[in-house]
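>>> Need coordinates for the following:
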Amino acid sequence: MRTDLRLLVAAALLAAAPLLFPETPVGGALALPLIGVALLDEKRLSLTEAARRLNVSPSTCWRWAMRGVRNVKLETQVWGSKRYTTEAALERFSERCTQAANGESAPHARTPRRREHDIDRAERELGDEGF
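Residues are numbered from 1 along each chain as shown. The predicted structure follows:
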């Protein structure tokens with residue numbers, strides 16, 4: 001039930017995206033909590049390929065994805081047994097890290113506990129509306 005509801009919410013957000021985020025270009029990826037959905041529209045890079053492009057160690061890319069830097073994590077998605085990112089995700093990561101380093105407000109990652117709380121609240125609200 002919970003998975004079906006999440007898929008329904010994801011589909012509704014994607015359908016409403018042009019109204020909710022008019023500044024996003026048509027066909028552009030949205031910076032929503034639905035990171036995996038946005039990454040589907042972009043060309044995938046393995047973390048090893050991303051490391052080669054940036055001239056850093058693959059373990060650095062893994063650290064960026066798993067722990068992050070300055071409370072900013074590299075967006076990734078797992079396909080089978082491999083973890084991927086995209087060039088656009090690398091650019092967003094760089095921009096957010098730069099903002100954080102300059103003291104500008106950067107979006108803070110939610111803790112798993114907070115995320116579950118938000119999901120439960122959204123499910124209650126959808127239930128109240130009859131969904």
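
>>> Which of the helices and strands in the chain ranks last by mean pLDDT?
helix 35-40 (a mean of 53; mean pLDDT, DSSP states H and E).

>>> What's the first helix or strand after that helix?
strand 44-46 (DSSP states H and E).

>>> tell me the SS of the residue nearest to residue 89 when sequence neighbours are not counted?
With CB to CB, 6 or more residues apart in numbering as the criterion, residue 89 has its nearest non-adjacent residue at 4.0 Å, and that residue is residue 75. C-beta: built from backbone N, CA, C; applies to glycine. Under DSSP: H, G, I helix; E, B strand; the rest coil, the three-state class of residue 75 is coil.

>>> How many residues are close by residue 75?
Residue 75 has 23 neighbours, counted by other CB atoms under 10 Å.

>>> avg pLDDT for the strand or helix carrying residue 99?
Taking DSSP H and E as the definition, one finds residue 99 inside helix 87-101. Averaging pLDDT along helix 87-101 gives 90.

>>> could you dump it to CSV, C-alpha only?
The C-alpha trace of helix 87-101 is given here as CSV (Å, rounded to 0.1, in the frame of the first residue of the first chain):
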residue,chain,number,x,y,z
GLU,A,87,26.8,15.4,-15.6
ALA,A,88,23.9,17.6,-14.6
ALA,A,89,23.9,16.1,-11.1
LEU,A,90,27.7,16.8,-10.8
GLU,A,91,27.0,20.4,-11.8
ARG,A,92,24.2,20.7,-9.2
PHE,A,93,26.5,19.2,-6.6
SER,A,94,29.3,21.6,-7.5
GLU,A,95,26.9,24.6,-7.3
ARG,A,96,25.5,23.5,-4.0
CYS,A,97,28.9,22.9,-2.4
THR,A,98,30.1,26.3,-3.6
GLN,A,99,27.0,27.9,-2.1
ALA,A,100,27.6,26.1,1.2
ALA,A,101,31.3,27.1,1.2
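
>>> got the buried residues for it?
88-90, 92-93, 96-97, 100 (16 or more other CB atoms under 10 Å).

>>> Repeat that for stretch 68-86.
Neighbour-count burial for stretch 68-86 [16+ other CB under 10 Å]: 68, 72-77, 83-86.
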